[in-house]
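Visitor: Starting from these lines, generate the structure:
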Amino acid sequence: MSLEFSVLASGSSGNAFYIGTGQTKWLVDAGLSGKKIETLLDQVQVNPHDLDGILVTHEHSDHIKGLGIMARRYELPIYANEKTWQAMASSIGKVSDDQKFEFDMETVRTFADLDVESFGVSHDAADPMFYVFHHEGKKVALLTDTGYVSERMKRTVENADAILFETNHDVGMLQMGRYPWNVKRRILSDLGHVSNDDAAWAMMDVIGDQTKKIFLGHLSQDNNMVDLAQMSVSQTLSQYDYPVGDKLQLESTSPIEPTPITKL
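Guide: Numbers count the residues shown, from 1 in each chain. Coordinates of the predicted model:
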C-alpha cells in the first residue's frame, strides 16, 4: 500500500496531521478538541481506533489541546522528546505510564513499514522538533513552527515528495496589524514563525526532482491570507523557473478542514 497522508488542520488555532501505510497509521499533534479531531479523521475516512499512536512536535496548545483526550479515549501511545514531556505534563491530564514513550531529537524510529526521522527547529518551545517520514522510497516532511530554516533543516527535508512548509505571515500585514509590538517581535524573531517570503526562498533550496507537492501551512488568521500566501510563494518560485502549476503543486491548508488524502 502507498504512503498516504492528510493535513487535518494547520493554523494558529490548531494543528493535526495524519499519515499512514498499509501497516501503520499515525497522528502528528492533536491541537484541537478531541471531538474536532475525530470529525476531521472521519472526513478523510480514517477510524481513530486504527491509529497506532501520536507523535508530538512541541508543547504549545495549538499542537496538544486534544492530545490527552485522544490518547485516553483510544488507548494510544504518545511519543515526544524528554523536554517536551516535561513541558506538557501539566496540560494533557493523566496519561498512563505505559502510553508514554520518548522519541529523541535527531533520531530515526521504525514503526512497521514506516521510518520516522526527527529533527530540531527554532521555536520558543522547550525542545521543538518535527518529522520526516520514509516509506519504500517515498518521503514526506513536516516543517512548521520555526523562526528560520537552517541549512541542517534544509538537508533533512530536501527532495521530499511532499512537504508541509510553514508560511505563517505576510510581513506587511503583521507590521500593520493589531498585535502588540512584543508579539510582533516574537513572531519575526528566529524563535518565531517563517513568513511567506522567507519560506519561498527556503523552498528553493529543498525542492528536488522528487518534490511534487508543497502544502502551505500554519497560516496566521490575523496576518496572512490563503490567496496571498499562494501568490507570494508562487511568484518567487516562478521567477526562478521552478515549475509551479506544472510538475510542482502548491497546496493550501485550512485550520478547520482537512486536505484530501494524498497517496504517494
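
Visitor: From now on I want contacts and neighbour counts done on CA atoms only, so please keep to that.
Guide: OK.

Visitor: and the residue nearest to Q221 when sequence neighbours are not counted, which of the three is it?
Guide: Spatially, and ignoring its direct neighbours in sequence, Q221 is nearest to S12 (7.0 Å; Cα to Cα, 6 or more residues apart in numbering). S12 falls in the coil class when you classify it by DSSP: H, G, I helix; E, B strand; the rest coil.

Visitor: Contact partners for S12?
Guide: 62, 218-221, 255 (Cα atoms under 8 Å, 6 or more residues apart in numbering).

Visitor: do I37 as well
Guide: Counting by Cα under 8 Å, 6+ apart, I37 has contacts 8, 16, 30, 66.

Visitor: Checking my notes, it in a helix, right?
Guide: Yes - checked against three-state DSSP, I37 lies within a helix.

Visitor: Against S122, how distant is it?
Guide: Distance, I37 to S122, using Cα to Cα, to the nearest Å: 27 Å.

Visitor: so where's this protein shaky on pLDDT?
Guide: Applying pLDDT under 70 to the chain flags no residue at all.

Visitor: ok, which stretches of it are helices?
Guide: Along the chain, counting by DSSP state H, helices occupy 34-43, 61-64, 67-74, 82-88, 151-157, 171-176, 181-188, 196-203, 226-239.

Visitor: Pipe the ones you listed into a markdown table and attach distance to K94 per row.
Guide: Converted to a markdown table, these look like this (distance: least, Cα to Cα, whole Å):
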| stretch | distance to K94 |
| --- | --- |
| helix 34-43 | 15 |
| helix 61-64 | 14 |
| helix 67-74 | 7 |
| helix 82-88 | 11 |
| helix 151-157 | 34 |
| helix 171-176 | 38 |
| helix 181-188 | 32 |
| helix 196-203 | 38 |
| helix 226-239 | 37 |
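
Visitor: most tightly surrounded among the ones you listed?
Guide: Highest mean neighbour count of the helices of the chain: helix 61-64, a mean of 22 (counted as mean count of other Cα atoms under 10 Å).

Visitor: Put the alpha carbons of it into CSV.
Guide: Listed in CSV are the C-alpha atoms of helix 61-64, where the atom choice follows Å, rounded to 0.1, in the frame of the first residue of the first chain:
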residue,chain,number,x,y,z
SER,A,61,-1.6,24.4,23.0
ASP,A,62,-2.3,24.6,19.2
HIS,A,63,-0.4,21.3,19.0
ILE,A,64,-1.6,19.4,22.1
